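Asker: Fold the following, please.
(4 chains)
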Protein chains: 2
Amino acid sequence: MAIATMAAEKQLDLAALRGTPGFVIRLIQLKFFDGFYDTFAELGLTPATYAILMLVRDNPGIVPSSVATLLRLHLPNLTKILHQLEHAGLVKRSRSKIDRRATEITLTSKGEKLMRDAVRLTAPYNRRMLAPLSEAERSTLIELLNRVSPF
Amino acid sequence: MAIATMAAEKQLDLAALRGTPGFVIRLIQLKFFDGFYDTFAELGLTPATYAILMLVRDNPGIVPSSVATLLRLHLPNLTKILHQLEHAGLVKRSRSKIDRRATEITLTSKGEKLMRDAVRLTAPYNRRMLAPLSEAERSTLIELLNRVSPF
DNA sequence: TATTGTTATACTCTATAACTATA
DNA sequence: TATAGTTATAGAGTATAACAATA
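Answerer: Below is the predicted model of the structure:
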């Protein structure tokens, strides 16, 4: 956080940008990222590793190409992260016996424990990020976002 | 676009991630960025330069530190972009007479023309990105997003 | 002593090309 | 011939430190 502090910016005209959803979404994403690190850095998780480990938790044996597609990562970049996660003892990679080109990813017990800890922080984090909204509005927002989302 | 194509990913369990607004917002932002380049690349605009030029258009004489704060950019990075925009003849920078450390940014007539062209593409682009929603739902979403946004 | 803007630089994220091993 | 995964590398985006000019 070295970005200049707010000052007389209040009287500026932001109407056009505030009506541009792409711009507002970018600001919100930065807010979620900042909040993510505040919450999950103590567990050593980044937004990317959180999503990867969660996807593996719910889909044991998933292959890297599926993870890459769903999380919008390029396979070479995912390979590097998976190498780190394996080195940290959080996931295990093993050759598929059906298609020996494919690698099946599963969580280790250490990975499972980490995600249990992470899940405990998740709901409060989400609530904090959406604090300006009521419970009903939060549900509405999440539903609308999922309809707009590519998946 | 070299990310693997969708295949058997449909039968995977994505419930946890879909209930995580930060994750869905990230996917949506990528969708908006892709769509932005499809729409505005012909004008030579990026999401960053679009936002900067729009902010200058609506706030002529705005100083770089305010732009940086509002757009969540760091001043050294903004400096570089402003240099490019000035070199492209889209903005003009002049020393403030009140505070001679400050630089006042304004659009050139070329910059104004560019933004008129850009504005014509904006509404259709936004509508396309939010196509899965009805008109009323679009308004609701934009209103909720603005309430969650830091500004 | 603090702030504005700049330069230089480092770091992270994302993207592409080329290779291997399997199919 | 095509696909899964890997390696190496390039590029864009973001971050920090140090400085000059001005307040």
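
Asker: tell me the angle the helix or strand where residue A:35 lies makes with helix B:21-40.
Answerer: For residue A:35, the host element (DSSP states H and E) is helix A:21-40. Relative orientation of helix A:21-40 and helix B:21-40, computed by axes from the mean of the first three to the mean of the last three C-alpha atoms, to 10 degrees: 150 degrees.

Asker: Helix A:21-40 near DNA strand C anywhere?
Answerer: No - contact of helix A:21-40 with DNA strand C (C-beta under 7 Å from any atom of the strand) is absent, the minimum separation being 9.3 Å. Just so you know, the C-beta spots here come from the backbone N, C-alpha and C atoms, and that holds for glycine as well.

Asker: outside of the following helix or strand past that helix, which residues touch it?
Answerer: Remark: after helix A:21-40, the chain's next helix or strand is helix A:47-58, criterion DSSP H and E. Residues from elsewhere that reach helix A:47-58 (C-beta atoms under 8 Å, 6 or more residues apart in numbering or on different chains): A:33, A:36, A:40, A:45, A:62, A:67, A:70-71, A:73, A:78, A:81-82, A:85, A:90-91, A:105-107, A:111-112, A:114-115, A:118, B:12-17, B:20, B:22-23, B:26.

Asker: Point me to the residue sitting closest to the centre of chain A.
Answerer: Central residue of chain A (C-alpha atoms, centre = their mean): residue A:47, 3.8 Å from the mean position.

Asker: still on that earlier bit, other SSEs contacting the helix holding residue A:35?
Answerer: In terms of contact count using 3 or more C-beta pairs under 8 Å, 6 or more residues apart in numbering or on different chains; DSSP states H and E, helix A:21-40 is assigned the packing partners helix A:15-18, helix A:47-58, helix A:109-129, helix B:21-40, helix B:47-58, helix B:109-129, helix B:135-148.

Asker: Report the mean confidence score over it.
Answerer: When pLDDT is averaged over helix A:21-40, the result is 97.

Asker: ok, residues contacting that helix?
Answerer: Against helix A:21-40 from outside (C-beta under 8 Å, 6+ apart): A:17-18, A:46-47, A:50, A:118, A:121, A:124-125, A:128-129, B:21-22, B:25-26, B:28-29, B:32-33, B:36, B:47, B:51, B:72, B:126, B:129-130, B:141-142, B:145-146, B:148-151.
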